[in-house]
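1. Quick one: sequence plus predicted model below, questions after.
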Amino acid sequence: VSLAQAPGYVQLNQYRLLEPIGQGSYGIVKLAYNEEDDTHYAMKILSKRKLMRRAGLFGRAPPRRPGPGPPPDPLQRVYREIAVLKKLDHPNVVKLVESYVHPHFITHSEMQVLDDPAEDHLYLVFQLLEGGPVIDIPTENPLSETLARKYFRDALLGVEYLHYQRIAHRDIKPANLLLGEDRVQVADLGACGELAAAGRVSGTVGTPAFRAPEAAAPADKYSGEAADIWSLGVTLYAMVTGKVPWAGGSAVELQKKVLSEPLTFPGRVQPSKPLRHLLARMLDKDPATRATMQEVKDHEWITD
Ligand SMILES: COc1ccc(C(=O)/C=C\Nc2cc(OC)c(C(=O)O)cc2Cl)cc1
């Protein structure tokens with residue numbers, strides 16, 4: 001692996017790293033040009049140091065959680081994410097092309113992983129979805145219900161596939177619904193958890209405005225599928241109104257609003273009656289009575 005430092009750009013093997021196209025708590029995503037196949041890709045660059053810091057692992061072993069939750073070591077979690085991504089194959093889930101942890105090749109099972117404690121970066125190469133996120137919120141120009149329905153149907157199929165593979169996404173939001181050749185793919189399994197484990201491991205993963213009210217509840221009440229339905233509901237609300245239903249304040253204050261404030265449709269955008277009904281069913285604060293994936297798929301606004 002050559003990180004040839006030519007003037008102005010970084011080269012990683014056959015990939016030339018170009019401008020940043022995505023940024024988040026996970027790290028950064030850069031446009032990358034592959035000289036071998038004359039094709040552009042999305043290169044997600046993770047910093048091991050940042051991962052360790054976010055997990056507060058410096059210096060002490062993490063408290064071992066009971067049950068099969070995701071491994072606490074964030075590096076192991078990323079390796080697990082890579083292994084999961086390599087096994088997934090669905091038109092509405094992002095495709096991992098290859099991954100590097102510069103500079104030595106260590107072959108783990110069927111994937112090539114570079115590992116070297118000295119180097120801080122971990123590189124994940126994805127097919128480029130040139131349209132980027134389906135919508136950037138907040139915006140005064142939300143999507144029409146027709147366009148939102150087209151994109152949301154794709155997102156539903158992608159999430160249903162993850163649930164079928166016993167995976168909860170746990171961070172669904174517009175930024176993770178990417179638009180490529182006229183279809184939407186679900187991205188970022190960085191927060192995902194096995195449904196079996198997710199049933200017990202609630203914790204505060206994901207993004208506060210999109211996080212289900214029960215995410216702060218005792219872990220036994222938490223269901224990965226129901227939490228994903230909630231986040232899909234907030235995402236659909238954002239696609240058609242241009243904003244999130246509850247916002248502002250600290251994460252704790254926001255969590256309180258999500259738990260206590262009713263769903264409203266202020267502002268000039270009044271969604272259609274069927275859509276308001278679907279949103280109310282997905283944003284039911286009680287996960288036990290919230291719409292299931294099947295109910296959403298069969299809803300009149302979706303099947304229209
Ligand atoms: C304006 O044009 C644009 C074209 C493409 C993008 C873009 O791709 C952004 C993020 N991409 C990703 C992020 C991921 O996680 C956070 C993962 C993952 O880990 O699954 C995969 C991808 Cl691809 C942005 C703007």
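-> Good, I have the coordinates.
2. Identify the residues contacting the residue nearest the centre of the chain.
-> The residue lying closest to the centre of the chain (Cα atoms, centre = their mean) is Asp188, at 3.7 Å. By Cβ atoms under 8 Å, 6 or more residues apart in numbering, the contact set of Asp188 is Gly24, Tyr26, Val94, His169, Asp171, Asn176. The C-beta positions use only the backbone N, C-alpha and C, and glycine is treated the same way.
3. ok, it to Gln23 distance?
-> Per Cβ to Cβ, to the nearest Å, Asp188 is found 12 Å from Gln23.
4. For Gly233, list the residues it contacts.
-> Shown in contact with Gly233 (Cβ under 8 Å, 6+ apart): Leu279, Met282, Leu283.
5. Take these and write them to a markdown table, including pLDDT, neighbour count and secondary structure.
-> What follows is the contacts of Gly233, written out as a markdown table (pLDDT from 0 to 100; neighbours: other Cβ atoms under 10 Å; DSSP: H, G, I helix; E, B strand; the rest coil):
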| residue | pLDDT | neighbour count | secondary structure |
| --- | --- | --- | --- |
| Leu279 | 98 | 22 | helix |
| Met282 | 98 | 23 | helix |
| Leu283 | 98 | 23 | coil |
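6. Intersect the contacts of Asp188 with the contacts of the ligand.
-> Counting by Cβ under 6 Å from any ligand atom, Gly24, Tyr26, Val94 from the contacts of Asp188 sit close to the ligand.
7. Out of these, which comes closest to Leu128?
-> Distance ranking of the ones next to the ligand among the contacts of Asp188 against Leu128, using Cβ to Cβ, places Val94 first at 10.1 Å.
8. Double-check that closest one against Arg183; I have them as touching.
-> No: between Val94 and Arg183 there is no contact under Cβ atoms under 8 Å: 11.6 Å.
9. which one of those two has more residues nearby?
-> Using other Cβ atoms under 10 Å as the criterion, Val94 and Arg183 rank with Val94 on top: 23 against 17.
10. ok, and what's touching the strand or helix carrying Lys30?
-> Using DSSP states H and E, Lys30 maps to strand 27-34. The contact list for strand 27-34, computed with Cβ under 8 Å, 6+ apart, reads 12, 14-23, 39-47, 50, 125, 128.
11. Pull the contacting residues for Pro133.
-> Pro174, Ala175, Asn176, Leu177, Leu178, Leu179.
12. mind running it again at 6 Å?
-> Contacts of Pro133 were listed using Cβ atoms under 6 Å, 6 or more residues apart in numbering, and they are Pro174, Ala175.
13. separation between it and Asp228?
-> Per Cβ to Cβ, Pro133 is found 18 Å from Asp228.
14. again, but for Glu214
-> To Asp228, Glu214 is 12 Å away according to Cβ to Cβ.
15. Equivalent analysis for Val94, please.
-> Here Val94 is placed at a distance of 16 Å from Asp228 (Cβ to Cβ).
16. likewise Asp182?
-> Look at Asp182 and Asp228: by Cβ to Cβ, they are 24 Å apart.
17. ditto for Ala217
-> Distance of Ala217 to Asp228, given as Cβ to Cβ: 16 Å.
18. Give me every residue in this protein lying close to the ligand.
-> 21-22, 24, 26, 29, 42, 44, 94, 126, 129-130, 132, 178, 187-190.
19. Mind giving me the ChimeraX select for those residues, buried ones only?
-> Written as a ChimeraX command, the selection of buried residues from the residues of the chain next to the ligand, which uses 16 or more other Cβ atoms under 10 Å, is:
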select :21,22,26,29,42,44,94,126,129,132,178,187,188,189,190
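20. how far away is Val159 from Leu31?
-> Note on Val159: its distance to Leu31, by Cβ to Cβ, is 26 Å.
21. Which residue comes closest to Ala280 once chain neighbours are left out?
-> Leu263 (6.0 Å; Cβ to Cβ, 6 or more residues apart in numbering).
22. Check the gap between the one you found and Tyr9 for me.
-> For Leu263, the distance to Tyr9 equals 47 Å [Cβ to Cβ].
23. what's the answer for Asp182, then?
-> Note on Asp182: its distance to Tyr9, by Cβ to Cβ, is 31 Å.
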